[in-house]
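Enquirer: Following is a predicted model, sequence given first.
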Amino acid sequence: EVKLQQSGDELVRPGASVKISCKASGYTFTSYSMHWVKQRPGQGLEWIGAIIPIIDTTEYNQKFKGKATLTADKSSNTANMELSRLTSEDSAVYYCARSYGYTYDWFAYWGQGTLVTVSS
Amino acid sequence: DIQLTQSPSSMSASLGDRVSLTCQSSQGIGNYLSWYQHKPGKPPKPMIYYATNLADGVPSRFSGSRSGSDYSLTISSLESEDTAIYYCLQYDEYPYTFGAGTKLELK
């Protein structure tokens, strides 16, 4: 069974950074791309970017370049997203989502979501 | 970037109604379009992929179709559990983009 277990909710100060993890199980981690999606309160879904672990390639939404950094730890089957220089605009639920296939594919599996609250 | 325009932005319907939601793409994406059902406090649930294919576990009252650059998600007979926000997603090219969503409520 494919599972994506995300790290817990975070309360962080403005200007700080936060790292969210997404631990994958039930499949070969390197064979599928992992995507990240943002949802601000009352807003729609936004695609942040993706990492393809097998070739260590990342793709970013231009809007999130410099804000989000995606990495993959193949030893622990964990995808990570670090968000830097946080502001209130970064307060949101963040989801990881695994593609159905290797790349250019729909999101077949989702993590449960991680709430990031930016507040002093 | 590819723009996806969903309509209507919200709607209400009665139990048993046939409901159709639309997603229009600003450029050709072939069949690289999927639909997700999103309920509060839960992750989005895949409903349709490659425009017309039903995802695992999705009831057969849901279906997807395509006419040119217009894509539709249809519920043949609305049930109470179908109330949610529905998003379309194009995965033809990066950056992937979502539509703004359609909020479906019971009348």
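Expert: Okay, I see it. Numbering: from 1, shown residues only, chains lettered A, B, ... in the order given.
Enquirer: which residue packs closest to residue 94, ignoring adjacent ones?
Expert: Chain wasn't specified; assuming chain A. Leaving aside its chain neighbours, residue A:94 sits nearest to residue A:114 (5.1 Å; criterion: Cβ to Cβ, 6 or more residues apart in numbering or on different chains). The C-beta positions use only the backbone N, C-alpha and C, and glycine is treated the same way.
Enquirer: Oops, wrong one, chain B.
Expert: Closest to residue B:94 by Cβ to Cβ, 6+ apart is residue A:59, at 4.8 Å.
Enquirer: hey, C-alpha coordinates of the strand or helix carrying that neighbour in PDB?
Expert: Per DSSP states H and E: residue A:59 is located in strand A:57-60. The C-alpha coordinates for strand A:57-60 follow below in PDB (Å, rounded to 0.1, in the frame of the first residue of the first chain):
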ATOM      1  CA  THR A  57      15.900  16.700 -11.100                       C
ATOM      2  CA  THR A  58      13.600  19.400  -9.800                       C
ATOM      3  CA  GLU A  59      11.000  21.500 -11.500                       C
ATOM      4  CA  TYR A  60       9.600  24.700  -9.900                       C
END
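Enquirer: Go ahead and name everything in contact with that strand.
Expert: The contact list for strand A:57-60 (Cβ atoms under 8 Å, 6 or more residues apart in numbering or on different chains) reads A:48-52, A:68, A:70, B:94-95.
Enquirer: That one pairs with which strands?
Expert: strand A:45-52 (antiparallel) (DSSP bridges).
Enquirer: And the average pLDDT for the partner strand is what?
Expert: Mean pLDDT, strand A:45-52: 97.
Enquirer: And for stretch B:19-29?
Expert: On average, stretch B:19-29 scores 98.
Enquirer: Stretch A:88-103 now?
Expert: On average, stretch A:88-103 scores 95.
Enquirer: Tell me the buried residues in it?
Expert: With burial defined by 16 or more other Cβ atoms under 10 Å in any protein chain shown, the residues of stretch A:88-103 counted as buried are A:90-100.
Enquirer: Likewise for stretch A:27-42?
Expert: A:29, A:32-39.
Enquirer: Filtering those residues by proximity to chain B, which remain?
Expert: When contact is defined as Cβ under 8 Å from any Cβ of the partner chain, the buried residues of stretch A:27-42 meet chain B at A:35, A:37.
Enquirer: What parts of chain A come near chain B?
Expert: Counting by Cβ under 8 Å from any Cβ, chain A sits next to chain B at A:35, A:37, A:44-47, A:49-50, A:59-62, A:95, A:97, A:100, A:104-108, A:110-113.
Enquirer: hmm, back to that, pull the most distant pair out of the buried residues of stretch A:88-103.
Expert: Largest separation among these by Cβ to Cβ: A:91 and A:100, giving 30.1 Å.
Enquirer: and the helix or strand where residue A:5 lies, average pLDDT?
Expert: If you go by DSSP H and E, residue A:5 is part of strand A:3-6. Mean pLDDT, strand A:3-6: 98.
Enquirer: name the helices or strands packed onto it?
Expert: strand A:18-25, strand A:92-99, strand A:107-110 (3 or more Cβ pairs under 8 Å, 6 or more residues apart in numbering or on different chains; DSSP states H and E).
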